[in-house]
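Asker: Quick one, structure for this:
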Amino acid sequence: MHLPWKYPVIAGIVIIHVCILALFFSPGQTLSCQRRAASASSETPLPADNLTPTTPPAVKGQPAKATPTTPAKGGGKPASQTGRHNLKPYQTGHYQKGICPLSEKLEKEVGDVRSGVLVDLNSHVILWEKNPSKAYPIASLTKMLTSLMLLQRVEGTPGLSLDGTTITITKDDRAYFKREKINGVYLDEGESFTLQEYLKCMIISSANDAAYIVGKYLGDGNVETGVQRMNEQAKKLGLNDLVFHNPHGLPIDRKDGQRIENMGSAISVAYLAECVMQFPEFMKWSGTARDSIMHRNKPFDLNSTNHLLRNRVPGVNGLKTGFTNTAGYCIAVSCTREGRTMLLVLMGVSVKTAAPDKGKRRDEIARQLLDWAFQQPAK
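Answerer: Just a heads-up that it's a prediction; the model follows:
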């Protein structure tokens, strides 16, 4: 039996349509359509876990510079694995007032302090304060922010590591140290040190040359860019009275005779200390009384400028000291006893005395205030 001619024709047309539809909706063609759709919406954000840190913008009028380091194999942690590099900004109310009266003797002792604040970190209650919100020179307390930003960069950037990333001292670096009379660990042209070594030089012995190199690194080879980023970071942390002109804290004498210093208030320094205390590597070195680096093929001793560590004041485990003639003797010190932690900031101690006392007065006042604080009931 022969079918009418029109039935084979209809069947052929149906088969052709089925083949066309199968080709259009094949997996390869579907993926191609998805890619075209994605490219048509280039502003769609990536998931947060896939975001990677970007190099901060260069100073206006200056090109961005490559980081002068030797990348380590591994060692760095992706930004999504930690939250410490995204610290919360300071807000009013972070510290609560719980001022306790000092003894008559201790009240007289703190008369030699220009500014300060003492906080029980377990409750964030302020037990004592003096001019806490007024900005004064902060000297080498500056290095807490320099260290914080270095640790943030290492922790937030894959491929960087404290022990595997190195920076080499250049001829220009050495010339700068000589011209500006920058002291520290006597870094020489051609020497290479790891970020870890620069960090502990800066924290333990308050080496200004090491701080300069780190500040330059933070600016991708330009120290002015690094300082700009330090000021930007201070603003991000809500510490608006912190102002930086260099990464180490030494005064700058201008040609017009004016002396410029890094500035900040005791309350801002206290919060900055709280931020950097979140990094175990900082606390490790700030609680170290003595260490060393290999320098000119010989061990070079690093002795802590925090004599409260050397004098074994019970519980002292950090943080940083500072001194210039204008700033006087300064300190941010943390102390833990029986599970309770105090944070003390003193600024401008002995600033009115005619002769430097090597920080002995500052240290004695700090010791007395810490002993007093642990005698106060927890709030």
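
Asker: The residue nearest the centre of the chain: which element?
Answerer: Nearest to the geometric centre of the chain sits Leu148, at 1.4 Å (Cα atoms, centre = their mean). Assigned by DSSP states H and E, Leu148 belongs to helix 143-156.

Asker: sorry, back to before: quick one: residues contacting the residue nearest to the centre of the chain.
Answerer: Leu148 makes contact with 233, 272, 275-276, 279, 282 under the criterion Cβ atoms under 8 Å, 6 or more residues apart in numbering. In short, each C-beta sits where N, CA and C put it, glycine included.

Asker: JSON lines for those, including neighbour count, pLDDT and secondary structure?
Answerer: JSON lines is the format used below for the contacts of Leu148 (neighbours: other Cβ atoms under 10 Å; pLDDT from 0 to 100; DSSP: H, G, I helix; E, B strand; the rest coil):
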{"residue": "Gln233", "neighbour count": "21", "pLDDT": "97", "secondary structure": "helix"}
{"residue": "Leu272", "neighbour count": "28", "pLDDT": "98", "secondary structure": "helix"}
{"residue": "Cys275", "neighbour count": "20", "pLDDT": "97", "secondary structure": "helix"}
{"residue": "Val276", "neighbour count": "27", "pLDDT": "97", "secondary structure": "helix"}
{"residue": "Phe279", "neighbour count": "19", "pLDDT": "96", "secondary structure": "coil"}
{"residue": "Phe282", "neighbour count": "24", "pLDDT": "97", "secondary structure": "helix"}
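
Asker: Now render those as TSV, adding distance to Leu106.
Answerer: Formatted as TSV, those follow (distance: Cβ to Cβ, whole Å):
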residue	distance to Leu106
Gln233	35
Leu272	26
Cys275	29
Val276	28
Phe279	32
Phe282	30
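
Asker: Can you tell me which of these is closest to Gly249?
Answerer: Leu272 (12.8 Å; Cβ to Cβ).

Asker: Let me know the distance separating the closest one from Lys320.
Answerer: 10 Å (Cβ to Cβ, to the nearest Å).

Asker: anything in contact with each of the two?
Answerer: 141, 144, 332.

Asker: before we move on, back to that, ok, so what distance separates the residue nearest to the centre of the chain from Gly156?
Answerer: In terms of Cβ to Cβ, Leu148 sits 12 Å off from Gly156.

Asker: now Cys275
Answerer: For Cys275, the distance to Gly156 - Cβ to Cβ - is 14 Å.

Asker: Same question for Ile167.
Answerer: Applying Cβ to Cβ to Ile167 and Gly156 gives a distance of 18 Å.

Asker: What segments of this structure are strands?
Answerer: Counting by DSSP state E, the chain has strands at residues 96-97, 115-120, 125-130, 136-137, 166-168, 192-194, 252-253, 259-260, 263-264, 290-295, 298-303, 316-324, 328-337, 340-349.

Asker: Turn those strands into CSV, including mean neighbour count, distance to Ala210 and mean pLDDT.
Answerer: CSV is the format used below for the strands of the chain (neighbours: other Cβ atoms under 10 Å; distance: least, Cβ to Cβ, whole Å; pLDDT from 0 to 100):
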stretch, mean neighbour count, distance to Ala210, mean pLDDT
strand 96-97, 10, 37, 94
strand 115-120, 26, 27, 98
strand 125-130, 20, 32, 98
strand 136-137, 24, 21, 98
strand 166-168, 19, 10, 96
strand 192-194, 17, 8, 95
strand 252-253, 12, 18, 90
strand 259-260, 13, 21, 92
strand 263-264, 22, 21, 98
strand 290-295, 16, 10, 90
strand 298-303, 14, 10, 91
strand 316-324, 25, 14, 96
strand 328-337, 25, 19, 97
strand 340-349, 25, 23, 97
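
Asker: can you put those in JSON lines and add distance to Asp371?
Answerer: Output for the strands of the chain, formatted as JSON lines (distance: least, Cβ to Cβ, whole Å):
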{"stretch": "strand 96-97", "distance to Asp371": "22"}
{"stretch": "strand 115-120", "distance to Asp371": "11"}
{"stretch": "strand 125-130", "distance to Asp371": "12"}
{"stretch": "strand 136-137", "distance to Asp371": "25"}
{"stretch": "strand 166-168", "distance to Asp371": "42"}
{"stretch": "strand 192-194", "distance to Asp371": "39"}
{"stretch": "strand 252-253", "distance to Asp371": "38"}
{"stretch": "strand 259-260", "distance to Asp371": "36"}
{"stretch": "strand 263-264", "distance to Asp371": "27"}
{"stretch": "strand 290-295", "distance to Asp371": "25"}
{"stretch": "strand 298-303", "distance to Asp371": "25"}
{"stretch": "strand 316-324", "distance to Asp371": "11"}
{"stretch": "strand 328-337", "distance to Asp371": "10"}
{"stretch": "strand 340-349", "distance to Asp371": "10"}
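
Asker: With respect to Arg179, which of those lies nearest?
Answerer: Closest approach to Arg179 among those is made by strand 252-253 (12.4 Å; Cβ to Cβ).

Asker: who touches the residue lying closest to His248 once chain neighbours are set aside in this structure?
Answerer: Among residues not flanking His248 along the chain, Ala211 sits closest, at 3.7 Å (Cβ to Cβ, 6 or more residues apart in numbering). Neighbouring residues of Ala211 by Cβ under 8 Å, 6+ apart: 142-143, 146, 184, 202, 247-249.
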